[in-house]
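> Need coordinates for the below:
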Amino acid sequence: MRKSVKSRAEEQFAATQKKDKQALKDMEKARQERAEKVERLRALRLAKEATDKEATDKEAADKSAAEEAAAAAKKAAAKKAAAKKAAAKKAAAKKAAAKKAAAQS
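Below you'll find the predicted structure:
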């Protein structure tokens with residue numbers, strides 16, 4: 001028997017509704033996948049930034065330590081040179097005193 005116009009219209013409406021629901025599900029799934037991708041990329045970026053910051057901080061600390069070591073070495077060398085100069089000056093004064101004493105005798 002032939003379907004009535006009303007029955008066919010209801011079937012078409014139901015089919016359209018089903019397609020709309022499926023389209024909404026597909027769009028929601030795509031949105032969720034994009035959100036997960038963005039979240040994953042954000043986590044990777046933050047992890048990379050943290051690693052880069054640690055590397056930069058370590059490099060700065062190493063550079064600072066090297067500069068401090070160089071400054072300490074320079075200070076020690078200057079102190080050693082000053083002590084050597086003072087010893088040479090003392091030896092020269094002692095030698096001059098010995099010459100003077102020899103000249104007076």
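
> tell me which element the most centrally placed residue in the chain is part of?
For the chain, Lys53 is the residue whose C-alpha lies nearest the centre (C-alpha atoms, centre = their mean; 1.5 Å). For Lys53, the element it lies in under DSSP states H and E is helix 5-104.

> Output the contacting helices and strands for that helix.
On a contact count with 3 or more C-beta pairs under 8 Å, 6 or more residues apart in numbering; DSSP states H and E, helix 5-104 meets no helix or strand. (C-beta placed from N, C-alpha, C; glycine too.)

> Count the residues that sit near Thr51.
When counting by other C-beta atoms under 10 Å, one arrives at 10 neighbours for Thr51.

> in the chain, which segments are predicted with low confidence?
1, 105 (pLDDT under 70).

> who's in contact with the residue nearest to the centre of the chain?
By C-beta atoms under 8 Å, 6 or more residues apart in numbering, Lys53 lies in contact with nothing.

> That one and Arg40, how far apart?
21 Å (C-beta to C-beta, to the nearest Å).

> what does Asp20 give?
For Asp20, the distance to Arg40 - C-beta to C-beta - is 30 Å.

> Same question for Asp62.
Counting by C-beta to C-beta, the gap from Asp62 to Arg40 is 33 Å.

> what's the answer for Ser64, then?
Going from Ser64 to Arg40 by C-beta to C-beta gives 36 Å.

> Over to Ala86?
Between Ala86 and Arg40 the distance is 69 Å, computed by C-beta to C-beta.

> do Lys79 as well
According to C-beta to C-beta, Lys79 and Arg40 sit 58 Å apart.

> likewise Arg31?
Applying C-beta to C-beta, the value for Arg31 to Arg40 is 15 Å.

> so how many other residues sit close to Lys84?
10.

> which residues does it contact?
Contacts of Lys84 by C-beta under 8 Å, 6+ apart: none found.

> tell me the SS of Arg2?
Following DSSP: H, G, I helix; E, B strand; the rest coil, the label given to Arg2 is coil.

> Neighbours of Glu54, how many?
10.

> Relative to Lys48, how far out is it?
Noted for Glu54: a distance of 11 Å to Lys48, by C-beta to C-beta.
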